[in-house]
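Enquirer: Take a look and give me a structure for this.
(one chain, ligands or ions: 1)
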Amino acid sequence: MQIHKNISLINHNTFRVDNSAETLILIENDEDLGNLLKDENYSLKSKFFLGAGSNLLITRPIKGLTIKNIQTSIKIVEENSEFAIIEVDSGLEWHNFVSFCLDNCYYGLENLALIPGLIGAAPVQNIGAYGVEQQKYFDSLICIDLNTGQQKVMYGNDCNFDYRHSIFKQEEYKSCFITKVRYKLKKSFEPDISYKDLKIFFQDKTNIQAKDLFDAVVEIRNNKLPNHNETPNAGSFFKNPILDENQLKDLLTIEPNIVYYPIQNNMFKVSAANLIEKAGLKGYRKKNVGISIKHSLIIANFGNSSGEEIYDFAKFVISVLIDKYKIRLEPEVIII
Ligand SMILES: Cc1cc2nc3c(=O)[nH]c(=O)nc-3n(C[C@H](O)[C@H](O)[C@H](O)COP(=O)(O)OP(=O)(O)OC[C@H]3O[C@@H](n4cnc5c(N)ncnc54)[C@H](O)[C@@H]3O)c2cc1C
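Expert: You can find the predicted model right below:
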């Protein structure tokens with residue numbers, strides 16, 4: 001394992017905020033975590049798990065251990081004519097895995113192309129895009145509870161997947177470091193173009209191949225989202241609020257043309273981007289932090305903003321929406 005003391009995390013988070021980690025540990029092989037647990041210097045320290053930092057706002061120096069897996073192997077563990085179960089190290093970049101699957105004719109993840117970040121965080125956030133969430137193809141994962149040293153295998157039903165949510169956000173699972181994730185992918189391709197942008201993209205097209213869908217998602221994302229390497233950001237900062245019928249009625253009284261769609265149990269998902277836009281905040285900036293002009297759900301760092309400045313800006317957006325619509329936006333980004 002690699003151990004780095006008092007190191008800046010500026011290159012380990014896509015907001016590019018310059019906070020440090022007291023000790024950054026990069027896991028290079030399967031024995032490293034066991035050795036870490038045995039070492040008295042480390043076993044009792046607080047632990048934070050880091051991926052690519054693309055869903056993270058770091059507002060302070062991180063004390064204790066910051067642990068990141070840098071292993072990237074991919075292994076087929078089961079395969080037949082219909083499906084394959086593929087096991088991936090949590091340190092591999094998500095998009096590289098999606099590309100691997102496309103190149104090797106394992107289908108299902110095309111709609112999730114180009115999502116930044118590493119495999120380990122995908123189940124934590126239950127990442128999703130263009131009408132598909134990772135849970136649809138999730139098989140299981142292996143994690144190690146760094147409080148007890150116990151290794152666990154968890155299947156879909158154990159993980160409480162929901163919209164940008166999983167059991168790993170609950171306090172008692174926050175000590176579980178995910179080392180490997182398994183996905184069950186199809187050997188025959190059926191495009192899912194139910195999402196509006198994809199329906200429009202493929203309007204007159206029949207016989208859509210997996211590569212067509214993958215390329216479409218990449219093209220749409222590149223047009224729609226600011227590139228975090230040029231304009232640092234962590235993707236959608238807020239979740240889309242979910243309202244019941246009465247809450248929706250109240251909102252429509254204030255803002256009749258708001259974008260929303262029905263989900264299960266008589267509930268409605270409202271577009272947070274649309275709410276922010278209607279509140280007049282698209283492109284709004286305070287110093288070097290602001291709402292992206294390309295996408296209203298994205299808060300961007302336009303200069304050398306600190307994590308605290310970005311967090312203050314997020315709290316400002318929340319307060320504007322409470323005042324205007326009585327809706328409290330919940331961050332999708334993990335704030336530490
Ligand atoms: C431009 C842009 C576009 C984006 N678009 C989307 C999108 O379309 N859909 C979407 O869902 N998300 C999107 N995101 C958010 C982000 O890409 C995902 O949430 C991604 O899964 C985060 O991965 P990461 O490795 O960067 O995790 P990090 O940000 O490093 O960590 C996220 C959380 O996972 C935990 N974690 C990380 N690794 C492990 C591990 N091995 N074990 C246990 N816990 C761990 C961390 O402690 C933290 O709580 C976007 C982000 C950006 C910058």
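Enquirer: and after the longest helix along the chain, which helix or strand comes next?
Expert: What stands out as the longest helix in the chain, according to DSSP state H, is helix 307-325. Heading C-terminal from helix 307-325, the first helix or strand you meet, by DSSP states H and E, is strand 334-335.
Enquirer: helices and strands around that next one, which ones?
Expert: Counting contacts by 3 or more Cβ pairs under 8 Å, 6 or more residues apart in numbering; DSSP states H and E, strand 334-335 packs against strand 56-57. Glycine gets a C-beta too; all of them are placed from N, C-alpha and C.
Enquirer: The strand it packs on near the ligand at all?
Expert: Yes: contact between strand 56-57 and the ligand, assessed by Cβ under 6 Å from any ligand atom, occurs at Leu56.
Enquirer: Toward the C-terminus, what is the element adjacent to that strand?
Expert: strand 62-69.
Enquirer: List the contacts of that next one.
Expert: With contact meaning Cβ atoms under 8 Å, 6 or more residues apart in numbering, strand 62-69 is reached by 9, 12, 19-27, 36, 42, 45-51, 89-91, 118, 120, 146, 177, 179, 336.
Enquirer: quick revisit: output the longest helix of the chain as CSV, restricted to C-alpha atoms.
Expert: C-alpha atoms of helix 307-325 as CSV (Å, rounded to 0.1, in the frame of the first residue of the first chain):
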residue,chain,number,x,y,z
GLY,A,307,-15.0,23.9,0.0
GLU,A,308,-16.7,26.2,2.6
GLU,A,309,-17.4,28.9,-0.1
ILE,A,310,-19.0,26.3,-2.3
TYR,A,311,-21.0,24.9,0.6
ASP,A,312,-22.2,28.5,1.6
PHE,A,313,-23.3,29.0,-2.0
ALA,A,314,-25.3,25.7,-1.9
LYS,A,315,-27.0,26.8,1.3
PHE,A,316,-27.9,30.1,-0.4
VAL,A,317,-29.6,28.2,-3.3
ILE,A,318,-31.5,26.1,-0.7
SER,A,319,-32.7,29.2,1.1
VAL,A,320,-33.9,30.9,-2.1
LEU,A,321,-35.9,27.8,-3.0
ILE,A,322,-37.4,27.6,0.5
ASP,A,323,-38.4,31.3,0.4
LYS,A,324,-39.9,31.0,-3.1
TYR,A,325,-41.4,27.5,-3.3
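Enquirer: Report whether it contacts the ligand.
Expert: No: using Cβ under 6 Å from any ligand atom, helix 307-325 never reaches the ligand; the gap is at least 13.0 Å.
Enquirer: Show me what that helix is in contact with.
Expert: Contacting residues not belonging to helix 307-325 are listed as 15, 17, 19, 57-60, 237-238, 251, 254-255, 275-276, 279, 281, 286-291, 299, 301, 327-329, 331, 335 [Cβ under 8 Å, 6+ apart].
Enquirer: Mind checking which of those residues are buried?
Expert: Neighbour-count burial (16 or more other Cβ atoms under 10 Å) applied to these gives 15, 17, 19, 57-58, 237-238, 251, 275-276, 279, 281, 289-291, 299, 301, 327, 329, 331.
Enquirer: Next, count neighbours for the nearest residue to Arg328 once chain neighbours are set aside.
Expert: Distance criterion Cβ to Cβ, 6 or more residues apart in numbering; nearest residue to Arg328, sequence neighbours excluded, is Ile322 at 5.7 Å. Neighbours of Ile322 under the rule other Cβ atoms under 10 Å: 12.
Enquirer: what sits against Leu114?
Expert: The contact partners of Leu114, by Cβ under 8 Å, 6+ apart, come to His95, Val98, Val217, Val218, Arg221, Asn222.
Enquirer: in which helix or strand would I find it?
Expert: Applying DSSP H and E, one finds Leu114 in no helix or strand.
Enquirer: Would you state the strands of the stretch 1-150 of the chain in chain order?
Expert: Using DSSP state E, counting those that start in this stretch, the strands of the stretch 1-150 of the chain run over residues 2-8, 20-27, 47-49, 56-57, 62-69, 74-79, 83-89, 128-129, 132-133, 138-145.
Enquirer: which of these is buried the deepest?
Expert: Highest mean neighbour count of these: strand 56-57, a mean of 24 (counted as mean count of other Cβ atoms under 10 Å).
Enquirer: any idea of the mean pLDDT for it?
Expert: The pLDDT scores in strand 56-57 average 98.
Enquirer: Check what contacts it and list those residues.
Expert: Here strand 56-57 makes contact (Cβ under 8 Å, 6+ apart) with 13-15, 17, 50, 234, 307, 310-311, 314, 331, 333-336.
Enquirer: Would you point out the most distant pair within these?
Expert: Greatest spatial distance in these: Leu50 and Ala314, 20.3 Å, computed using Cβ to Cβ.
Enquirer: higher neighbour count, the two?
Expert: Shown here are Leu50 and Ala314; by other Cβ under 10 Å, Leu50 has more neighbours (23 against 19).
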